[in-house]
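J.: no sequence on this one, just coordinates:
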RNA sequence: GCCCCGAUAGUCCAAUAGGUAGAGACGAUGGAUUCAAAAUCCAUAAAGUGUGGGUUCGAAUCCCACUCGGGGUACCA
């Protein structure tokens, strides 16, 4: 190791591994990143949270990126001297642990907790500024006990309930899934095609909160990524329209349908009931029974993918019944079909083939009449097969004739309401959250089924209902019912109400329940009398900055928002949105493809760290581009990051060797001082705006400026060089904590650089005495002038016109107009 | 199909409220250093902003259409 630039400083290339060990030990001892609970501590409080990891193995590149981003935010807040809460824990219930246990003939806890330890060690090496004392694992009984407690509170409020219904069933994982966990007709985790099964399951009544979940998003505007808000809005899918009641011949009760186009009611030519709805079964006339049953059986066999294919031609059967259109008394045939969904609206529709493509496709398939009721000027849908949806006047619609859609909708609703056959109505695409799972490694549902008392909640003082510990390996294999059912001594229990023999509910909760409120538990992780200490949550909540991947855009984020609103209604939290700001970091990919084991193109985080060191890896992921964009590992260079860090380190080491801390920078080189303060100003702005890659570019400039000052300027001993080096250490600490600490120490400081060292730029050093003004003639740059920044428009115009170059370009032409944007631009418009 | 987002040197990316297209980096080329190489340092070249229109004194930035890429959603009545 030879010193460069003439300064003999020992070790001017840093040894990443040695620094990592040295500073990890120091941080472990000094605990600089613990949040203060002292009520007298009046520093601003800041809650920064990364979505907690699932312990699937060791940390990988994706974690490296996500946590590096979150740490920039947290460390910036630490540097500002704020009281920062930046905790870590594990989302440690879930299927992979169970599958591993089956394979290894062990208990899921073994695999889970071993992985957690591995990840914890890796996080420590990775240098994330966590408060380790708040660590939690959702699979601990001390944690999941409160899932049960919360479930019971939801149950008391009618927000947790059981119902029969068609549910998504994954044949591979042998469990039901929530709607949110079915992606394109496939199981979100294993990719198996999901089928529908009719089962009795537990649900959370999230639909009751649909309006609030939707409307409260207004307050997240500008603070959450626009696309996440959009995805949630679409997912909730509020549509406004009307409920219309149709009398069915031979049935006492009318059947209600929901429509967003009540204005087209006069165009309804048939009526369709979801084939798998109970209503279809009930309405079916005896002479059509056989045909209907055959049809229904065929539909039940289809997977969601087959069923949802838009290519598929419409199918259905006539039920041998007729409905009466409430506005014109027309008799229209009632059909059963699978294009109508049993669980949306009322599971039945009025079909208006002229103005709805699906209804038209059906009408064409079964030769049903098509009646145009909106004159849009488009071709006859009965001929073209294309339903018309444009604007136009209503026709063939009695009292609505001549009206536009916007006029007709309120009018028809009024008419329906007067006759008592309809009302304005709202429907949502969002369904209730199916929360039971037929798997082992999750939170047992704290309900006992008693032959006499029915469904009985387990009393709070008997919580937690612990998972049995004697099941392992093959005992956990999926059988279509929860493995818990096999634990006879666990299942058989006394009814909490009557004391008689009863059975425990054997399903476990969706693990998204765990993650819906974990952020609250961090505020008081050791509380054992409640899920969280209400006072502590009042102090810390809500989260100022949440960081995580877009894959949770609807799942976790929607559930967590729902939980927060319920807890607000219960008076346990005083805010209604859990995550004030959200940052979605991108993914790390390789050569254009997602990294995967099967492709064998994975980048191993451990190897990268061994080769380049933690700081270089962190710098690489943060510098690669805007945080929300994907990083292709083929496009980045950790080697280059390491080179830069060495350069920065050398500047700090040389400045440290040449001067003492506390040197007054005022006497230093003015140009470098200005560069330092400009950098500080720009880095602060970039970090605040979450443009971390730009912030790093600014630090790079300062390193270059300091390098030059040492080599060919005032030299390493100049106070301005020390000032620059210190600012380099402080700003670099957000991404390269080890180099920053070591550099800070080399600069002669004894404490950690990481906390409370951010500086405010000196405004006097930010003002520039002259700026470059561009003078354009006909929008082309023809001259540049050095002018004072506070120059007046008149003066600048005079100077610009006085320029010889400019005059040369104006020539004989007349000046029509002079646009002056002092102090940076003048544009002379010529004829 | 519908709805969003994006496209800037060979590559990744910058460009306050339209106002000099280049901050930073990778790579390339040349040079210094070296017996040579690595490392280090210095220098240079490189696009007119996906395409076509429009608004404007002036457009990467605003508007319209299209192309390509990415994402969401999929019979939601």
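T.: Thanks, I have the structure now. Small disclaimer: the values here were computed from a predicted structure and weren't measured.

J.: what about stretch A:473-492, how long is it end to end?
T.: Terminal residues of stretch A:473-492 are spaced 22 Å apart (Cα to Cα, to the nearest Å).

J.: what packs against the helix or strand encompassing residue A:622?
T.: Element membership for residue A:622 (DSSP states H and E) is helix A:614-623. Under the contact definition 3 or more Cβ pairs under 8 Å, 6 or more residues apart in numbering; DSSP states H and E, helix A:614-623 sits against helix A:16-30, helix A:61-79, helix A:108-126, helix A:605-612, helix A:638-658, helix A:692-712, helix A:737-746. To be clear about C-beta, it is placed using only N, CA and C from the backbone, and glycine gets the same treatment.

J.: wait, does the helix or strand just after the fifth one make contact with RNA strand B?
T.: In this case it means helix A:638-658. Per DSSP H and E, the first helix or strand lying C-terminal to helix A:638-658 is helix A:670-688. No - counting by Cβ under 7 Å from any atom of the strand, RNA strand B has no neighbours in helix A:670-688; the shortest distance is 7.9 Å.

J.: Residue numbers of the stretch 601-750 of chain A in contact with RNA strand B?
T.: A:624-626, A:629-630, A:632, A:635-637, A:639-640, A:643-644, A:646-647, A:691, A:693-694, A:696-698, A:700-701, A:704, A:707-708, A:711.

J.: quick one on the thing from earlier: tell me how far the helix holding residue A:622 lies from the chain's centre.
T.: 23 Å (Cα atoms, centre = their mean, to the nearest Å).

J.: If I take that helix and helix A:737-746, what angle do their directions form?
T.: Orientation of helix A:614-623 against helix A:737-746 (axes from the mean of the first three to the mean of the last three Cα atoms, to 10 degrees) gives an angle of 120 degrees.

J.: Let me know the average pLDDT across helix A:614-623.
T.: Averaged across helix A:614-623, the pLDDT comes to 95.

J.: buried sites along it?
T.: A:614-623 (16 or more other Cβ atoms under 10 Å).

J.: the strands in the stretch 451-600 of chain A, which residues?
T.: Here the stretch 451-600 of chain A has its strands, by DSSP state E, counting those that start in this stretch, at A:454-457, A:492-494, A:501-504, A:508-509, A:543-548, A:579-584, A:588-590, A:593-594.

J.: which residues of the stretch 1-150 of chain A score low on pLDDT?
T.: Scanning the stretch 1-150 of chain A for pLDDT under 70 picks out the ranges A:1-12.

J.: And residue A:191, how close does it get to residue A:34?
T.: According to Cβ to Cβ, to the nearest Å, residue A:191 and residue A:34 sit 42 Å apart.

J.: which of the two has more neighbours?
T.: A count of neighbours by other Cβ atoms under 10 Å puts residue A:34 above the other of residue A:191 and residue A:34, at 17 against 11.

J.: Am I right that that one is in contact with residue A:130?
T.: No - counting by Cβ atoms under 8 Å, residue A:34 does not reach residue A:130; the two are 9.3 Å apart.

J.: least trustworthy helix or strand in chain A by mean pLDDT?
T.: Within chain A, no helix or strand scores below helix A:304-308, which has a mean of 67 by mean pLDDT, DSSP states H and E.

J.: of the strands of the stretch 451-600 of chain A, which approaches RNA strand B most closely?
T.: For RNA strand B, the closest of these is strand A:593-594, at 8.1 Å, according to Cβ to the nearest atom of the strand.

J.: strand partners of that closest one, parallel vs antiparallel please.
T.: Its sheet considered, strand A:593-594 pairs with strand A:588-590 (antiparallel) by DSSP bridges.

J.: Pick out the residue nearest the middle of chain A.
T.: residue A:553 (3.5 Å; Cα atoms, centre = their mean).

J.: ok, now which ones touch that one?
T.: Counting by Cβ atoms under 8 Å, 6 or more residues apart in numbering, residue A:553 touches A:227-228, A:231-232, A:584.

J.: swap the cut-off to 10 Å and go again
T.: A:224-225, A:227-232, A:235, A:582, A:584 (Cβ atoms under 10 Å, 6 or more residues apart in numbering).

J.: got the residues of the stretch 401-550 of chain A near RNA strand B?
T.: A:427, A:429, A:550.

J.: Now for the second one: which residues touch it?
T.: Under the criterion of Cβ under 10 Å, 6+ apart, the neighbours of residue A:429 are A:179, A:207, A:210, A:234-239, A:344.

J.: now swap in residue A:588 and tell me
T.: Counting by Cβ under 10 Å, 6+ apart, the residues that residue A:588 touches are A:60-66, A:594-595, A:602-603, A:605, A:621, A:624, A:630-633, A:636.

J.: what about the helices in the stretch 701-831 of chain A?
T.: A:719-732, A:737-746, A:763-766, A:793-802, A:804-810 (DSSP state H, counting those that start in this stretch).

J.: So which bits of the stretch 51-200 of chain A are right by RNA strand B?
T.: A:182-184.

J.: what does the stretch 251-400 of chain A give?
T.: Residues of the stretch 251-400 of chain A that fall close to RNA strand B, judged by Cβ under 7 Å from any atom of the strand: A:257-261, A:274, A:307-310, A:312, A:314, A:338-341, A:344-345, A:347, A:349, A:356, A:358, A:361.

J.: number of nearby residues for the residue nearest to residue A:181 when sequence neighbours are not counted?
T.: Nearest residue to residue A:181, sequence neighbours excluded (Cβ to Cβ, 6 or more residues apart in numbering): residue A:188, at 4.4 Å. Using other Cβ under 10 Å, residue A:188 has 17 neighbouring residues.

J.: so residue A:188 touches residue A:511, yeah?
T.: No - in this structure, residue A:188 is not within contact of residue A:511 by Cβ atoms under 10 Å, at 12.0 Å.

J.: which residues are in contact with both of those two?
T.: By Cβ under 10 Å, 6+ apart, no residue touches both residue A:188 and residue A:511.

J.: List the contacts of the residue lying farthest from the centre of chain A.
T.: For chain A, the largest distance from the centre (Cα atoms, centre = their mean) belongs to residue A:812, which lies 62.3 Å off. Residue A:812 makes contact with A:830-831, according to Cβ under 10 Å, 6+ apart.

J.: quick one, phi psi at it?
T.: phi -80, psi -10 (degrees, to the nearest 10).

J.: list the residues that contact both of residue A:34 and residue A:130?
T.: Residues touching both residue A:34 and residue A:130 (Cβ under 10 Å, 6+ apart): A:86-87.

J.: Could you find the closest non-adjacent residue to residue A:651?
T.: Nearest one to residue A:651, counting by Cβ to Cβ, 6+ apart, is residue A:706 at 4.7 Å.

J.: Show the contacting residues for the one you found.
T.: By Cβ under 10 Å, 6+ apart, the neighbours of residue A:706 are A:647-648, A:650-652, A:654-655, A:672, A:675-676, A:679, A:713, A:716, A:718, A:720-725, A:727-728.

J.: same question, residue A:96
T.: A:54-57, A:108, A:111-112, A:115, A:189, A:441.

J.: Please convert the buried members of these into ChimeraX selection syntax.
T.: Under the burial definition 16+ other Cβ under 10 Å, those of those that qualify are selected in ChimeraX by:
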select /A:54,55,108,111,112,115,189,441
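
J.: now the helices of the stretch 701-831 of chain A as TSV including mean pLDDT?
T.: Output for the helices of the stretch 701-831 of chain A, formatted as TSV (pLDDT from 0 to 100):
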stretch	mean pLDDT
helix A:719-732	95
helix A:737-746	95
helix A:763-766	91
helix A:793-802	90
helix A:804-810	86
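
J.: now these as CSV including mean neighbour count?
T.: CSV is the format used below for those (neighbours: other Cβ atoms under 10 Å):
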stretch, mean neighbour count
helix A:719-732, 27
helix A:737-746, 26
helix A:763-766, 12
helix A:793-802, 16
helix A:804-810, 14
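
J.: Export the ones you listed as CSV, with columns for distance to residue A:327.
T.: Listed next are the helices of the stretch 701-831 of chain A as CSV, based on distance: least, Cβ to Cβ, whole Å:
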stretch, distance to residue A:327
helix A:719-732, 71
helix A:737-746, 71
helix A:763-766, 72
helix A:793-802, 69
helix A:804-810, 75
